[in-house]
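In: Model the following, please.
(one chain, ligands or ions: 2)
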Amino acid sequence: MKVLVTGGAGYIGSHTVLELLNQDIDVVVVDNLVNANVESLKRVEQLTGKPVDFVQADVRDSRALDAVFAEHSISAVIHFAGLKAVGESVAKPLDYYSANVYGSTVLAQAMAAAGVHRMIFSSSATVYGEGAQAPYVETMPRGVTSNPYGTSKAMVEQVLTDVANADPAWSVVLLRYFNPIGAHESGQIGEDPQGIPNNLMPFIAQVAVGRREQLSIFGDDYDTADGTCERDYLHVVDLAKGHVKALQATTHSGTHVYNLGTGTATSVKQMVHAFERVNNVQIPYTIAPRRAGDLAAFWANADKAATELDWRAEKDLADMVRDTWRWQQQNPNGYI
Ligand code: NAD
Ligand code: WQD
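Out: Ligands and ions are numbered 1, 2, ... in the order given. Now for the predicted structure:
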């Protein structure tokens, strides 16, 4: 079996490629490298001892996609490619709708033309919207999203649902990730953000390694146990394995939605203290104003993935902070 992985050189994509290869599933990666370094795939090849076919191309380039489908016998597509920075999406909405929504439609058209009808799509817990009550469960409707990034994910969910409704040949899986963190336990692949990290875990890791002076905690006056925001953090290797499970379990027609999270929430302060305790390092921090758009607390109801995919997160918070720190120490400046 061969799978096309778009965005496979990126953070979640590279971990997923590794897990696919470990299951003897062949992989072709299409990535335009706008937010990745091809070194990630070289390391996946070293770790698995297996080759990765790589094509540098944009998912909006239908000719490039047609050539990939013509050259390889692809059974399914795992679609990670897209832009993901929430703040940037507010400033550059067209970039986000183009890469994420238009890119997904071009990809789906190329798949249909090639007779490939299985897609697993990287969606996000953000599609539950601002008013949803945690824990989020898949039976809840999508809510009102608060930024173009989130809206683009909700739009792609709808586009792919419509495609599956129109033609029973399609099997679409929408995986709603909560907050993926961590790195492969080898320390060889991990998250390598460009510039100042937007997300909590890479920021903490860069403070720990001395690239940043201190962490700003965005608000400690939320209605939570310690006043800081709570999220459902899951290990990226668990998340990657969730894709393999979804690939194996969902071959049937229609649209299938799954939360991928642990089902538990951790506060920002708890995360900082876990990182300090497990790794024996200090993370200096200051309390800063709230960040616009942040919700106080949300986490997954992850029962459906457990029941239908036989997937549950296996790694705990200590694994997440330990593996992040190993990756950061071994690669203080990322892949360069
Ligand atoms: P990432 O930026 O590391 O990976 C995305 C990859 O897609 C990168 O390698 C990038 O170079 C590539 N890419 C971007 N635009 C492209 C295009 N037009 N054509 C071809 N390649 C393109 O991000 P990630 O964290 O690995 O996220 C993967 C997917 O999961 C994204 O769709 C993201 O929105 C989604 N997601 C991520 C999170 C998270 O917290 N990391 C949470 C929920 C959903
Ligand atoms: C977590 C908590 C911050 C940085 C984002 C996207 C979401 C999804 C995952 C893609 C929050 C706090 C952060 C810092 C801090 N991505 N924080 N100081 O916002 O839950 O989710 O990534 O789909 O769509 O919105 O994750 O890691 O940015 O923040 O205090 O320097 O850490 O306020 O409470 P978030 P995050």
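In: Can you tell me how far the residue of the chain found nearest ligand 1 is from Ala99?
Out: When scored by Cβ to the nearest ligand atom, the chain has Gly10 as its residue closest to ligand 1, at 2.2 Å. Placement of C-beta: from N, CA and C, glycine included. Here the criterion is Cβ to Cβ, to the nearest Å. By it, Gly10 lies 12 Å from Ala99.
In: all helices for this structure, in order.
Out: 11-22, 39-48, 62-71, 86-91, 93-96, 103-114, 148-166, 200-208, 236-249, 268-279, 303-304, 317-330 (DSSP state H).
In: What lies in contact with the shortest one?
Out: With contact meaning Cβ atoms under 8 Å, 6 or more residues apart in numbering, helix 303-304 is reached by Val137, Glu138, Val257, Tyr258, Asn259, Gly263.
In: State the pLDDT value of the closest residue to Ala76 other than its chain neighbours.
Out: Once flanking residues are discounted, Ala76 sits nearest to Arg118: 3.7 Å by Cβ to Cβ, 6 or more residues apart in numbering. The per-residue pLDDT reported for Arg118 equals 98.
In: same thing with Ile336?
Out: Looking at Ile336, the pLDDT reads 84.
In: can you list the residues of the protein near ligand 1?
Out: Counting by Cβ under 6 Å from any ligand atom, the residues of the chain close to ligand 1 are 6-7, 9-13, 31-36, 58-60, 80-84, 99, 103, 122, 124, 177, 179-180.
In: The same query, at a cut-off of 5 Å, please.
Out: Applying Cβ under 5 Å from any ligand atom, we find that the chain lies next to ligand 1 at 7, 9-12, 31-32, 34-36, 58-59, 80-82, 84, 99, 103, 122, 124, 177.
In: thought Thr151 was touching Arg142?
Out: No - the pair Thr151 / Arg142 is not scored as a contact, 10.1 Å apart, by Cβ atoms under 8 Å.
In: Where does the stretch 1-150 of the chain get nearest to ligand 2, residue-wise?
Out: Ser124 (3.3 Å).
In: pLDDT score assigned to that residue?
Out: The predicted local confidence for Ser124 is 98.
In: next one: the one 3 residues further on
Out: What the model reports for Val127 is a pLDDT of 98.
In: Distance check, it against Lys50.
Out: Remark: distance between Val127 and Lys50 (Cβ to Cβ) = 34 Å.
In: Could you do Met320 as well?
Out: 26 Å.
In: and ligand 2, which of the contacts of helix 303-304 reach it?
Out: Okay, of those, nothing touches ligand 2 (Cβ under 5 Å from any ligand atom).
In: Quick one: buried ones out of those residues?
Out: Buried subset of the contacts of helix 303-304 (neighbour count, 16 or more other Cβ atoms under 10 Å): Glu138, Val257, Tyr258, Asn259, Gly263.
In: thinking again about what came up before, show me the contacts for the residue nearest to Ala76.
Out: Counting by Cβ under 8 Å, 6+ apart, Arg118 touches Ser75, Ala76, Val77, Trp170, Ser171, Val172, Thr251.
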